[in-house]
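Participant: Sequence and predicted structure are below.
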Amino acid sequence: MAVATKAIDFYKQFGEALNELVNMKGFKVEDKKPAGRPSRYLPNQREYRLQLVNPERDTKDELIAFLETELRNTNGISNVVFNDISPNSSKFSSYSFIRKDDNIEYSIDAVIARGANRGEKFEIRTVRNLKEYFKTRQDAEFAKLVDQMNKSYPPFADVEIENVMQRTGSTLKEGVPIERLGEIIGDIILEDTTRYKWFVSLKDINGITFSAYSGAASIFNAQGVLQPDSKGADFLKAFGVDLDLVQRGFDVRKSGAEGDVPKKGLPLKTFNSRNLVPIFERAWGMNYFYVKRERQGFTVFWLDRPKLNKLTGNINVTEIRYPGKSSKQITIKCNNKYMDYTIEIRNSKGGEYPNDIKFKNVKKELP
């Protein structure tokens, strides 16, 4: 117990010192996790997320150069490694190192999380412009957007918006009822005068990824053997994916030969469109505004149960691309009357076996 308390005290104090250090280059330690958090991937490692103080002024490159010098020249810090992709992130770089304190070695990963990407900058600008619009009512573009929202969901037309903010916090959907997933999916929160929160999922003009899905990392074990009863394999089977062909693709990649690889007799589930409904319901969620910038204006709809039924019903799989010598990605293409969907099962950290599932969509007809 004393050791655990000592570690907690260390992580808190180190977080304060790290925050003071990175503040010099326009960054801060994540407000909600000032003492960091346990790594989800590496046992005994502590992860600290570093975020821009001003997301519109990206000083990431300055911070990387600054930490390279500071960490390597600080007593008590050793094994400094810069990671192009952090072991704790699918897209952000980090510095990993050992910090020694009272003869105890602590493994640290400082993830440089913001650098705002193009989508985040669009989100920031939209929040700012919406705030200004609800104060002045003078922006023609946003007047039209709000009018679309009013028509999409008439109860929204009856309220007065008092505050606009970016949503922060967890993006994990597991355990959250479908009816409340808008609170997780929404990028922007509009708060009315009764303090009721309206959630908006915002997509830029090229933003076709609309959801992530868990379970990919369970498909293979560390030896590259497909686990047919895993959560990830169940996901593949729902789409009619042949697990034998998935295993074969990775076996070919490992051996470098295209020769006959015997089938393992892995289970093949008969495709049934109804099995996809719960998957796509969790991917989409409900009770939020879907807003996507187009070349002219916005596509807007309120995602309620009738809309969700249209988006998730009668989906047919049109193509499955398996891994092989030139690709380690599994790609599933499917569609219904309203959307063309692409599901990509891949490794987002540059590794061999899948750890990530992304849903992409292209509108065919407004639901």
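Facilitator: Nice, thanks for sending it over.

Participant: only C-alpha atoms for contact and neighbour calcs from this point on.
Facilitator: Noted.

Participant: Give me the below-cutoff pLDDT ranges for this protein.
Facilitator: Scanning the chain for pLDDT under 70 picks out the ranges 1-5, 56, 90-91, 114-121, 257-263.

Participant: Counting residues, which helix of it comes out longest?
Facilitator: helix 2-22 (DSSP state H).

Participant: C-terminal to it, what's the next element?
Facilitator: Using DSSP states H and E, the helix or strand that follows helix 2-22 in sequence is strand 27-29.

Participant: For the helix or strand following that next one, which helices and strands make contact with it?
Facilitator: Downstream of strand 27-29, the first helix or strand assigned by DSSP H and E is strand 37-38. Judged by 3 or more C-alpha pairs under 8 Å, 6 or more residues apart in numbering; DSSP states H and E, strand 37-38 is in contact with strand 45-52.

Participant: picking up where we left off before, next, the angle from the longest helix of the chain to strand 45-52.
Facilitator: Here helix 2-22 points in a direction 30 degrees away from that of strand 45-52 (axes from the mean of the first three to the mean of the last three C-alpha atoms, to 10 degrees).

Participant: Helices of the stretch 201-350 of the chain, residue ranges please.
Facilitator: Counting by DSSP state H, counting those that start in this stretch, one finds helices in the stretch 201-350 of the chain at the ranges 231-238, 243-255, 277-284, 305-312.

Participant: JSON lines for these, including distance to E16 and mean neighbour count?
Facilitator: Putting those into JSON lines (distance: least, C-alpha to C-alpha, whole Å; neighbours: other C-alpha atoms under 10 Å) gives the following:
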{"stretch": "helix 231-238", "distance to E16": "39", "mean neighbour count": "20"}
{"stretch": "helix 243-255", "distance to E16": "45", "mean neighbour count": "19"}
{"stretch": "helix 277-284", "distance to E16": "37", "mean neighbour count": "18"}
{"stretch": "helix 305-312", "distance to E16": "45", "mean neighbour count": "17"}
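
Participant: Out of those helices, which gets nearest to I185?
Facilitator: Closest approach to I185 among the helices of the stretch 201-350 of the chain (C-alpha to C-alpha): helix 277-284, 8.3 Å.

Participant: I'd assumed R282 was in contact with I178.
Facilitator: Yes: using C-alpha atoms under 8 Å, I178 is in contact with R282, at 6.3 Å.

Participant: how about K333, what does it touch?
Facilitator: Residues in contact with K333 (C-alpha atoms under 8 Å, 6 or more residues apart in numbering) are V317, T318, E319, I320, D340, Y341, T342, I343.

Participant: R125 too?
Facilitator: No contacts exist for R125 under C-alpha under 8 Å, 6+ apart.

Participant: Quick check: it vs A212, distance?
Facilitator: Distance, R125 to A212, by C-alpha to C-alpha, to the nearest Å: 24 Å.

Participant: coming back round to it: out of the helices of the stretch 201-350 of the chain, which is closest to E70?
Facilitator: For these, distance to E70 was read as C-alpha to C-alpha. The smallest value, 40.7 Å, belongs to helix 243-255.

Participant: how far off helix 231-238 does the closest one point, in degrees?
Facilitator: Calculated by the same axes, to 10 degrees, helix 243-255 forms an angle of 120 degrees with helix 231-238.

Participant: quick one on the thing from earlier: farthest pair within the contacts of K333?
Facilitator: So, the contacts of K333 by C-alpha to C-alpha: farthest apart are I320 and D340, at 13.9 Å.

Participant: hmm, back to that, for the longest helix of the chain, enumerate the helices and strands it packs against.
Facilitator: strand 27-29.

Participant: ok, residues contacting the strand it packs on?
Facilitator: Contacts for strand 27-29 (C-alpha under 8 Å, 6+ apart): 15, 18-20, 22, 48-53, 59, 63.

Participant: Partner strands of it, with direction?
Facilitator: strand 45-52 (antiparallel) (DSSP bridges).

Participant: CA atoms of the helix or strand that comes right after the partner strand as PDB?
Facilitator: Downstream of strand 45-52, the first helix or strand assigned by DSSP H and E is helix 60-72. C-alpha atoms of helix 60-72 as PDB (Å, rounded to 0.1, in the frame of the first residue of the first chain):
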ATOM      1  CA  LYS A  60       4.500  20.600 -32.000                       C
ATOM      2  CA  ASP A  61       7.900  20.700 -33.900                       C
ATOM      3  CA  GLU A  62       9.300  23.200 -31.400                       C
ATOM      4  CA  LEU A  63       8.300  21.000 -28.500                       C
ATOM      5  CA  ILE A  64       9.800  17.900 -30.100                       C
ATOM      6  CA  ALA A  65      13.200  19.700 -30.500                       C
ATOM      7  CA  PHE A  66      13.000  21.200 -27.000                       C
ATOM      8  CA  LEU A  67      12.200  17.900 -25.300                       C
ATOM      9  CA  GLU A  68      15.000  16.100 -27.200                       C
ATOM     10  CA  THR A  69      17.500  18.400 -25.400                       C
ATOM     11  CA  GLU A  70      15.800  18.700 -22.100                       C
ATOM     12  CA  LEU A  71      15.100  15.100 -21.500                       C
ATOM     13  CA  ARG A  72      18.500  13.900 -22.500                       C
END
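
Participant: Okay then, goodbye and thanks.
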